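Asks: With the sequence up front, the predicted model follows.
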Amino acid sequence: MKKAILASFANRLALPDLSLMPDEKLTPARLRIEFLAGLTVALALVPEAVAFAFVAGVHPLVGLYAAFMVGLITALFGGRPGMISGATGALAVVMVALVAQHGVEYLFATVVLMGILQVFAGIMQWGKFIRLVPHPVMLGFVNGLAIVIFLAQMSQFKVPGSIENTGHGMGGGTWLSGMPLYLMLGLTALTMAIIWVAPKVSRLVPAPLAGIGIVAAIVIGFGLDVPRVGDMASIKGGLPPFHIPSVPLTWETLEIILPYSVILAAIGLIESLLTLNLVGEMTGKRGGASQECIAQGASNVVTGFFGGMGGCAMIGQSMINVKSGARTRISGIAAALFLLIFILFASPLIELIPLAALVGVMFMVVIGTFAWNSLKILAKVPLMDAFVIVLVTVVTVMEDLAFAVVVGVIVSALAYAWNNARRIHAKTYTTPEGAKVYQVQGPLFFGSSDGFIELFNPAEDPSIVIVDFADSRVVDQSALQAIEAIAAKYQATDKQIQLRHLSRDCHKLLTKAGHLMIDSDDDPDYQIAVDYGVRTGILGGH
């Protein structure tokens, strides 16, 4: 067993294939698309990483190092080729309180522990539980994240240096006005227009890269006075140095970093796994959820030891990458390496790029990410599904992604339980011998147990009553207790009751009413999710 577990773990860490489509080959044309997509992503990563570093209250290089290391490791070993990971705002807003109270060294230790928890989640294959996220929650997720990406760009329309510790990068400071504002808006619109037109003219260069390149050339060539990447902060630096977090190895330190690590690990995995599903839908390929968990965790462990702020999947950059034509791991690797080149050698050139060009790219990402069809179907889908879509969207914008998804899943689960609770009913008829038969239909569980009890009328029923569960399903302990309660009521009135077509699991778990059950060859075979003093079962097949 231990060998099997170790072999499975090793397989997950093995470098996967490049995941080309069956009709695709690694041709020079494919390599060109992958490298240019990676370059485009790297250019878009720079201001995002710097901004999120400001949000977290750390040096810009801490964010850039995280974007490089997390992006490289997840590109190599992640569960979905084409995904891009790096420093994100969803994590930064959690980190800011830790950094403010305890300093950046505690952040590095927290990121290491966060990564360990994510690796553990991957080994335990907990990533598969992302399939429990309903489609309305996914729609709310992409809509809310599109709005968050849009709001995050608003800080670029303020006087440089006014970014503060806020979740969406809105910050304080003074808004641009007059000619600087008009130039910013005009260049942003021009970038968006180029991205829209470029694919109709030529696909030789990814449209976002063409937009950035043309607008940057105009700004530099005409010497236009507009905010540039260098106005945010200098991105010049060296290789990320190995650094063990300078924190005392005490129980008190663990008490400080563990709550943050758990929250960060959960947010990172939820955002990464939802992005994995979204990219999978766009590319028509399935991704490995558990493999993604391990890759995210390993990248954060490494990042914590090299002075990075940690990270997770970035839906905006992933959309840029996929829509630029990237389909393999090469683009993600190239993006990380280009980012490192920017830091080491090309910072003076990159710092000249106008922020308006990058804002234009992100605005096009917003347009492409938002599920516009969800606006049309709101009036057509069930009211509860429409409510969940709007709820998750609003909570994502007002709070954070992980909280929004959890809220959406809980509301959807409660709605599902309520709908199933209303399905419990019974058909009745009287046999020639005078016995009354209740044919129970619908699932019997905690939500429907009260409705089940209300189906019966012990005072008026004949002396012999048969309860047939052939069309029902006994799910949990509340269901067992409801059966016991009904049996007790009939016995209290000196009437004979027979329970038919219950699983053998029920035979063992029912204590008082067990002797009332009638065995037959067509009894169902399933287990009950309950520990009823006999054994613990799990939901099985009927």
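Replies: The structure has been received and is ready for your questions. Keep in mind that this is a model prediction, so the values were computed, not measured.
Asks: Low-confidence stretches in the stretch 51-200 of the chain?
Replies: 160-173 (pLDDT under 70).
Asks: Over to the chain?
Replies: In the chain (pLDDT under 70), the answer is 1-24, 160-173, 511-515, 517, 519-523, 526-527, 529-542.
Asks: Residue 214 and residue 192 touch, don't they?
Replies: No. Using CB atoms under 8 Å, residue 214 and residue 192 do not qualify as a contacting pair, with a distance of 11.9 Å. Using the backbone N, CA and C atoms, a C-beta is placed for each residue, glycine as well.
Asks: quick one: which of those two has more around it?
Replies: residue 192 (19 against 15; other CB atoms under 10 Å).
Asks: Spit out the contact partners of that one.
Replies: 211, 360, 363, 364 (CB atoms under 8 Å, 6 or more residues apart in numbering).
Asks: Just among those residues, which is most surrounded?
Replies: Highest neighbour count within the contacts of residue 192: residue 211, with 28 neighbours (other CB under 10 Å).
Asks: Which element, helix or strand, includes that one?
Replies: helix 207-222 (DSSP states H and E).
Asks: buried stuff in that helix?
Replies: In terms of neighbour count (16 or more other CB atoms under 10 Å), helix 207-222 has its buried residues at 207, 208, 209, 210, 211, 212, 213, 215, 216, 219.
Asks: Can you name the two of those residues that sit furthest apart?
Replies: Maximum pairwise distance among these (CB to CB): 18.6 Å, between 207 and 219.
Asks: sorry, back to before: out of the buried residues of helix 207-222, flag the one nearest to residue 413.
Replies: residue 208 (38.8 Å).
Asks: Help me confirm that that closest one comes into contact with residue 361.
Replies: Yes. Residue 208 lies in contact with residue 361 (CB under 8 Å); the separation is 4.7 Å.
Asks: intersection of neighbour lists for those two?
Replies: 40, 44, 195, 320.
Asks: Please, where are all the strands along the stretch 401-542 of the chain?
Replies: 425-430, 436-444, 464-474, 496-500, 517-518 (DSSP state E, counting those that start in this stretch).
Asks: Mind listing what's buried along the third one?
Replies: Yep, that's strand 464-474 we're talking about. Buried residues in strand 464-474 (16+ other CB under 10 Å): 464, 465, 466, 467, 468, 469, 472, 473, 474.
Asks: how much space is there between residue 299 and residue 71?
Replies: Computed as CB to CB, to the nearest Å, the residue 299 to residue 71 distance reads 8 Å.
Asks: More neighbours: the two, which one.
Replies: Neighbour tally, residue 299 and residue 71, criterion other CB under 10 Å: the higher count belongs to residue 71, 35 against 32.
Asks: if we can go back for a sec, output the helix holding residue 211 as PDB, nothing but the C-alphas.
Replies: Below are the C-alpha coordinates for helix 207-222, written out as PDB (Å, rounded to 0.1, in the frame of the first residue of the first chain):
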ATOM      1  CA  ALA A 207      -3.600  40.400 -30.500                       C
ATOM      2  CA  PRO A 208      -2.800  41.600 -26.900                       C
ATOM      3  CA  LEU A 209       0.900  41.700 -27.700                       C
ATOM      4  CA  ALA A 210       0.200  43.700 -30.900                       C
ATOM      5  CA  GLY A 211      -1.900  46.100 -28.800                       C
ATOM      6  CA  ILE A 212       0.800  46.600 -26.200                       C
ATOM      7  CA  GLY A 213       3.600  46.900 -28.800                       C
ATOM      8  CA  ILE A 214       1.800  49.500 -31.000                       C
ATOM      9  CA  VAL A 215       0.600  51.700 -28.200                       C
ATOM     10  CA  ALA A 216       4.000  51.500 -26.400                       C
ATOM     11  CA  ALA A 217       5.700  52.600 -29.700                       C
ATOM     12  CA  ILE A 218       3.300  55.500 -30.100                       C
ATOM     13  CA  VAL A 219       3.900  56.700 -26.500                       C
ATOM     14  CA  ILE A 220       7.600  56.400 -26.600                       C
ATOM     15  CA  GLY A 221       7.900  57.800 -30.200                       C
ATOM     16  CA  PHE A 222       5.800  60.900 -29.400                       C
END
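Asks: Max pairwise distance over the buried residues of strand 464-474: which two?
Replies: Every pair of the buried residues of strand 464-474 checked by CB to CB; the farthest is 464 and 473, at 25.0 Å.
Asks: thinking again about what came up before, now, among the buried residues of strand 464-474, which is nearest to residue 486?
Replies: residue 467 (7.1 Å).
Asks: Surely the closest one and residue 495 touch.
Replies: No. Counting by CB under 8 Å, residue 495 is not a contact partner of residue 467; they are 12.0 Å apart.
Asks: and the longest helix belonging to the chain, how far out from the chain's middle?
Replies: Identified as the longest helix of the chain according to DSSP state H is helix 251-283. In terms of CA atoms, centre = their mean, to the nearest Å, the centre of helix 251-283 is found 8 Å from the chain centre.
Asks: who touches the residue with the largest distance to the centre of the chain in this structure?
Replies: The outermost residue of the chain relative to its centre, with distances by CA atoms, centre = their mean, is residue 433 at 59.3 Å. Residue 433 is in contact with residue 464, counting by CB under 8 Å, 6+ apart.
Asks: ok, the closest residue in space to residue 485 that isn't next to it in sequence to residue 481 distance?
Replies: Spatial nearest neighbour of residue 485, chain neighbours left out: residue 453 (6.0 Å); criterion: CB to CB, 6 or more residues apart in numbering. Remark: distance between residue 453 and residue 481 (CB to CB) = 10 Å.
Asks: Of the shared contacts of residue 208 and residue 361, which is the nearest to residue 381?
Replies: residue 320 (29.9 Å).
Asks: wouldn't that closest one be in contact with residue 41 here?
Replies: Yes. Counting by CB under 8 Å, residue 320 does reach residue 41; the two are 5.6 Å apart.
Asks: So between those two, which is more surrounded?
Replies: Neighbours were counted for residue 320 and for residue 41 using other CB under 10 Å; residue 41 has more, 33 against 30.
Asks: Point me to the helix or strand that includes the more buried one.
Replies: helix 28-56.
Asks: What's the first helix or strand after that helix?
Replies: helix 60-77.
Asks: Can you spell out which helices and strands pack onto that next one?
Replies: With contacts defined as 3 or more CB pairs under 8 Å, 6 or more residues apart in numbering; DSSP states H and E, the packing partners of helix 60-77 are helix 28-56, strand 85-86, helix 289-304, helix 329-341.
Asks: so which of these gets nearest residue 127?
Replies: Per CB to CB, nearest to residue 127 of those: helix 289-304, 3.1 Å.
Asks: and that closest one, how far out from the chain's middle?
Replies: 15 Å.
Asks: Skip ahead from it and say which helix or strand is next.
Replies: strand 312-313.
Asks: nearest residue to residue 72 other than its sequence neighbours?
Replies: residue 336 (3.7 Å).
Asks: Now do the same contact list for that neighbour.
Replies: Contacts of residue 336 (CB under 8 Å, 6+ apart): 42, 67, 68, 69, 71, 72, 75.
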